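Asks: The sequence isn't on hand, but the structure is:
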Ligand SMILES: Cc1cc2nc3c(=O)[nH]c(=O)nc-3n(C[C@H](O)[C@H](O)[C@H](O)COP(=O)(O)O)c2cc1C
């Protein structure tokens, strides 16, 4: 059994990931940025193949990560996380600098930035995982605390859009929650459990002469748990 809610307990930070150069670039919100090795210093990030930024990372072989904090203005999430740079120049109207690889780096009110050179790309089906050597890193401020996905969801009431690796189809989640809330019945004689979530016929709809498949007790010997 896979209870998708188990995955909700994995914690993440939130970042703006950019790629390109000083001529043209793009960026998106990511929760999948993580250090993979210390020596050499390497970072990985997972990017949906449909993200416009994925084409820049593949073409230019660079990406930057800017660490967001708890007071990051909602416009940053709206701009970089819910709209695609396929339709407009996403770098307009925000502050950027360009790193050692000419990578655009989002610097507007962020805690830290890291610039990476791609050394390996792993095809994960819907997403590409880019692994990069760190070529530059700077701390810009140390307050407020870094934005976590939990804070974003609980305090900011933000949800993950379809391209995020953590996206959950609300219909599937609802169906799972409904399944989990279905009742179970236990045989008082042998402890056999009749689980409405896995049986084809709900316990209440079983005929009166139905008997426990393990010990033969009658239906009325079952109680709801
Ligand atoms: C909270 C949050 C987390 C996200 N995490 C990821 C992620 O880890 N990987 C990803 O590919 N997209 C992620 N997304 C979705 C992209 O940011 C979104 O699809 C964006 O519009 C893509 O922009 P682009 O097409 O200009 O590259 C996330 C969005 C939000 C709001």
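Replies: Nice, thanks for sending it over. This one's a predicted model, so the numbers in the text were calculated from it and none came from an experiment.

Asks: OK, contacts around the residue positioned nearest the centre of the chain?
Replies: By C-alpha atoms, centre = their mean, the mean C-alpha position of the chain lies nearest to residue 166, the distance being 2.6 Å. Residue 166 makes contact with 7, 12, 31-32, 149, 160, according to C-beta atoms under 8 Å, 6 or more residues apart in numbering. C-beta: built from backbone N, CA, C; applies to glycine.

Asks: Could you measure from it over to residue 142?
Replies: 27 Å (C-beta to C-beta, to the nearest Å).

Asks: quick one: which of the contacts of residue 166 has the most company?
Replies: Highest neighbour count within these: residue 31, with 22 neighbours (other C-beta atoms under 10 Å).

Asks: ok, it to residue 126 distance?
Replies: Residue 31 is 15 Å from residue 126, by C-beta to C-beta.

Asks: before we move on, back to that, mind listing which of the contacts of residue 166 are in helices?
Replies: Using DSSP state H, residue 149 are the members of these that sit in helices.

Asks: filter the contacts of residue 166 down to the ones near the ligand?
Replies: Counting by C-beta under 6 Å from any ligand atom, 31-32, 160 from those sit close to the ligand.

Asks: What parts of the chain come near the ligand?
Replies: 14, 26, 28-32, 46-48, 51-53, 77, 81-86, 90, 152, 158, 160-161, 163-165.

Asks: By mean pLDDT, flag the weakest helix or strand of the chain.
Replies: Lowest on mean pLDDT, DSSP states H and E among the helices and strands of the chain sits helix 170-180, with a mean of 78.

Asks: So, low pLDDT: which residues of the chain?
Replies: The chain contains no residues with pLDDT under 70.

Asks: Which residue ranges of it form helices?
Replies: Going by DSSP H, the chain shows helices at 52-60, 74-81, 149-154, 170-180.

Asks: now, of the ones you listed, which is deepest in the fold?
Replies: helix 52-60 (a mean of 19; mean count of other C-beta atoms under 10 Å).

Asks: Break down the protein into its strands, ranges please.
Replies: Ranges of strands within the chain are 15-20, 25-30, 33-37, 42-48, 62-67, 96-98, 104-106, 112-123, 127-139, 184-187, 193-195, 222-224, based on DSSP state E.

Asks: which strands and helices sit next to the last one?
Replies: Judged by 3 or more C-beta pairs under 8 Å, 6 or more residues apart in numbering; DSSP states H and E, the packing partners of strand 222-224 are strand 184-187.

Asks: Same check on the first one?
Replies: In terms of contact count using 3+ C-beta pairs under 8 Å, 6+ apart, strand 15-20 is assigned the packing partners strand 25-30, helix 52-60, strand 62-67, strand 104-106.

Asks: before we move on, back to that, tell me the spacing between the residue nearest to the centre of the chain and residue 57.
Replies: Taken as C-beta to C-beta, the span from residue 166 to residue 57 is 20 Å.

Asks: Ok, residue 110 next?
Replies: 19 Å.

Asks: same deal with residue 89?
Replies: Taking C-beta to C-beta, one finds residue 89 at 18 Å from residue 57.

Asks: Much appreciated, bye for now.
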